[in-house]
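Quick one, what's the 3D model for this:
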Amino acid sequence: MVDVSKDEKKEDDIITVDVQDTESENSNIKIHEFKWFKRKKKKRINESIINDKINKATRYNPDFAIGLSQSQVDERTKSGLTNKVKTTYAKTYWEIIKDNIFTFFNILLIIVAICLCVIGEWKNCTFLVIMIANIAIGIFQEIRSKKTIEKLRLVTTPTASVIRDGKELKVPTDNIVLDDIISLSIGNQISADSIIVDGSIEVNESLLTGESLPVKKHTGDTVYAGSFVTSGSGTAKVIKVAEANWAISLQSQAKKFQKPRSELLRSLNKIIKVISFLIVPVATCLIVIGIINSGSTDPWEMFKAGILNAAGPIIGSVPAGMFLLTSVALAVGVVNMSKKHTLVQDLYCFEMLARTNTLCLDKTGTLTDGTMEVSEVIVIDKKIDLDTVMGSYLATFRESNQTSLALAERYALNGKLAVVGKIPFSSSRKYSAVSFKGMGTFVLGAPEFVYKADNKNLVNIISERQRSGYRVLMLAHSEDYIDATGEINGEVVPVALFVLLDHVRDEAPDTIKWFVNNGVNIKIISGDNPLTASEIAGMCGVPNYNKAVSLEGLSLKETAEIADKYTVFGRVSPEQKSILVKSLKQSGKTVAMTGDGVNDILAMKQSDCSIAMASGADAAKNVAHLVLLNSNFASMPAVVLEGRRVINNIQRSSALYLMKTIFTFVLAIVFIVLGFSTMGRQRIGVPSVLLALQPDKSQIKGHFIKNTFSKAIPGAISLLIVVALTFILGQVGFFNDSSIQGMNPLEMPWFRTSQTSVGGEAIRSLAGLGMTFAALSVLYALSQPFDTYRFCLFIGEWILTLIAIFGFVPYPPFSAIVFSNYKNLLNNKTMILVAILYAVGSPLITSCLMNGFNFLTRGDVSPTETRALDKKQ
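Prediction:
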């Protein structure tokens, strides 16, 4: 068990690495598998370099009152043995821009746009608007996140008190050198791992170990960088600097873990792989077909024909709108979260937190706020006026440690009693004392040091509270006064017992209740006493809080075996925290982890979604997906609801785009597709964006690909049925138009805008109208169950369609927007009848197909149902 409160670490075990992990997937949809330009990572600090330097350096043992000489400091600085941590790897602004621009699909679309411009078809380059918008959103979001996290770190350069040449100096912590003598007092943060050489102090190591109670340090004990002095004073000799400090070396272990990719990101990358695999051969075939069908021997005309023939399928098959929609939906979520004081460092964490069914919480800093409160006062001697005595007692010392502050909350400071003598608290003495004029002496401290008489009843009361995780202080009284030697003579009798406990955040119980009501299992993982953690969990309303266990002394294998058996885990090392999270994930759970200390980072990196408090350690904020800027645990339900809205709406809207992609790929094998993108923008783009913006806080179920394709494939089939049926009816002369009979399918003018027959243009209009009805049918299916928002959206789309047919069509140039040659279509009664049948039949066909493809999601269950199944098993 790793416990930095005990001086059992071997210096050999300390490893070093850079301290930040700022690479998060926080940009727009990145095509990781096809990124053409990869930035070179700067060489990380070799873990052994700084330790080798320390091991080989000539060690100094200066007198603690004199410290190092200036020449020794200069020698250390020249040798690189300062406390300055090397600047670590992070993206530059140029790298952010480059990574968002140079992706496989972006380059593909840019090439198509260049080719279209070269042949004069610049009007068909409108797809670039979507690409540019997607790039802009990604760059904006990544730069915004970079600036926000930099602001969190922009603090005044901290300083430390060092003793050099017999003088106490204030120097930047970066300028501390190996073997420096540092002066420590209340409120100081320890800047480097050191050994106490004089005095005794109490330090708060909660950011390192999770232990909320102060740890006493005496001469010869080791104190660690990142901890705070809460009482006492002393001097210490620096034994580790820079990357060799234990807190920083622990972060190196976090580098072994990669952040889990979200279901959404994995699904999008799978879709990208498939499309990328198909698009090149299909485009190549269409270029060849276009050249063959051009019938020209002019190389320029052949090139132009090939490009025109292939451009449509490429544009139509790239679901750029889906990527833009995803980026927009996630970016809107980020903006909404910023209004709730939450920094999103990874866009996809919305989904992971929304899917979470197990939430691991660190007690200190999450459920509690780091302060203490008086939970109970047991009065033994009722003749003593506690309000007056304690108010005067606390006013005598005016200490700022958490124990004194908690007592001061209960008893207002006053100066009613005259002080005639006092004994300050010390770690060796374990108590403090004050003599008041006419009242004798009052002693406050640890019961076993204040009152040593054999009182079994009192011992049982104290032991019972301590076993439950409380901290107990005793106030005792003596009729005698403090003598000249600083001793108390005479009998000491108990007056009262003060039972203290960590203060629970006001919002914690309601937040825990919200998660429990939403089917999320709560686990408390703490470096603190398991009984203390269990008591806090019970106060917060955590179910099964009494199932508590200490992991002290347990192996990692034993830890993994009990992950599902207990609710509260105490005395947990950083490695054990990580194993607990890993074990829970291996049992099929989606795990979120909160933390604020260095001891939490291994578990945070292992979790599906990690949340850090802004008041916590930089190391925790660096690896977190989310940072609660107000350090308010109550913000988390809002993040979950925002994640549900984003992911549910992306799934619903993506089905429309993938429907178009599937349809385009199939149709491209037989027909020329240029022109289809207009219908895509009208019947797909607008409703999908509006669907994505609707609030939807229902729990996420199933998998993205299954959920999306169960709607996209039926939609694509509906479109293909309409086009195929229109083609067949035209071929057999059903519309009595001889101009299209006997034509080669590859020469059919379904979507061509020029050089086509009158009958062919009418057929094109009918096919376009039929596809519009089919797309509206898919929108109808995706909008179920109807609410006011989705009903208005669906009716609005129908109204726009009717306006396009009967309003815009007669007025050029709007006739080219949806249909062409409308007169032939409207003058052909057979075509009108078929169009009506399309309008009526499309919803029925689409509904049947949707029901038929429900098998894709039939086996999927929600996180709540998963938990229920786990319990039954």
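
and the gap between residue 115 and residue 661?
21 Å (Cβ to Cβ, to the nearest Å). Bear in mind the C-beta positions are built from the backbone N, C-alpha and C, glycine included.

cool, residue 767 as well?
18 Å.

just checking, residue 838 touches residue 773?
Yes: assessed by Cβ atoms under 8 Å, residue 838 is found in contact with residue 773 at 4.7 Å.

Need the residues touching each of the two.
Counting by Cβ atoms under 8 Å, 6 or more residues apart in numbering, the contacts common to residue 838 and residue 773 are residue 722.

Which residue, neighbours along the chain excluded, lies closest to residue 115?
Leaving aside its chain neighbours, residue 115 sits nearest to residue 307 (4.8 Å; criterion: Cβ to Cβ, 6 or more residues apart in numbering).

Please give the element, helix or strand, for the one you found.
helix 299-317 (DSSP states H and E).

elements contacting that helix?
On a contact count with 3 or more Cβ pairs under 8 Å, 6 or more residues apart in numbering; DSSP states H and E, helix 299-317 meets helix 104-118, helix 263-294, helix 636-668, helix 676-680.

now it against helix 104-118, angle please.
Helix 299-317 and helix 104-118 are oriented at 140 degrees to each other (axes from the mean of the first three to the mean of the last three Cα atoms, to 10 degrees).

For whichever helix or strand comes after helix 299-317, enumerate the helices and strands it packs against.
Next helix or strand after helix 299-317 toward the C-terminus (DSSP H and E): helix 320-339. The helices and strands touching helix 320-339, judged by 3+ Cβ pairs under 8 Å, 6+ apart, are helix 104-118, helix 127-153, helix 263-294, strand 342-344, helix 636-668, helix 686-692.

same thing but 7 Å
Applying 3 or more Cβ pairs under 7 Å, 6 or more residues apart in numbering; DSSP states H and E, one finds that helix 320-339 contacts helix 127-153, helix 636-668, helix 686-692.

Give the next helix or strand downstream of the shortest one.
If I follow you right, that is helix 686-692. Assigned by DSSP H and E, the successor of helix 686-692 is helix 704-731.

what are the phi and psi angles of residue 215?
Here is the backbone geometry of residue 215 (degrees, to the nearest 10): phi -110, psi 130.

Kindly state the pLDDT recorded for it?
If you check residue 215, the pLDDT there is 76.

Hmm, residue 201 and it touching each other?
No: the pair residue 215 / residue 201 is not scored as a contact, 9.4 Å apart, by Cβ atoms under 7 Å.

With neighbour numbers in mind, choose between these two.
residue 201 (27 against 23; other Cβ atoms under 10 Å).

what's the helix or strand for the more buried one?
Applying DSSP H and E, one finds residue 201 within strand 194-204.

and that strand, what does it pack onto?
Using 3+ Cβ pairs under 7 Å, 6+ apart, the elements in contact with strand 194-204 are strand 215-217, strand 222-223, strand 228-238.

out of those strands, which comes closest to residue 624?
Closest of the helices and strands packed on strand 194-204 to residue 624 is strand 228-238, at 21.6 Å (criterion: Cβ to Cβ).

Residue 169 pairs with what?
Per DSSP bridges, the residues bridged to residue 169 are residue 162.

Look up how far residue 275 lies from it.
64 Å.

again with residue 442
Taking Cβ to Cβ as the measure, residue 442 falls 79 Å from residue 275.

So between these two, which is more surrounded?
Neighbours per residue, other Cβ under 10 Å: of residue 442 and residue 275, the larger number sits with residue 442, 23 against 20.

Thought residue 577 was touching residue 556, still the case?
No: judged on Cβ under 7 Å, residue 556 makes no contact with residue 577 at a distance of 10.8 Å.
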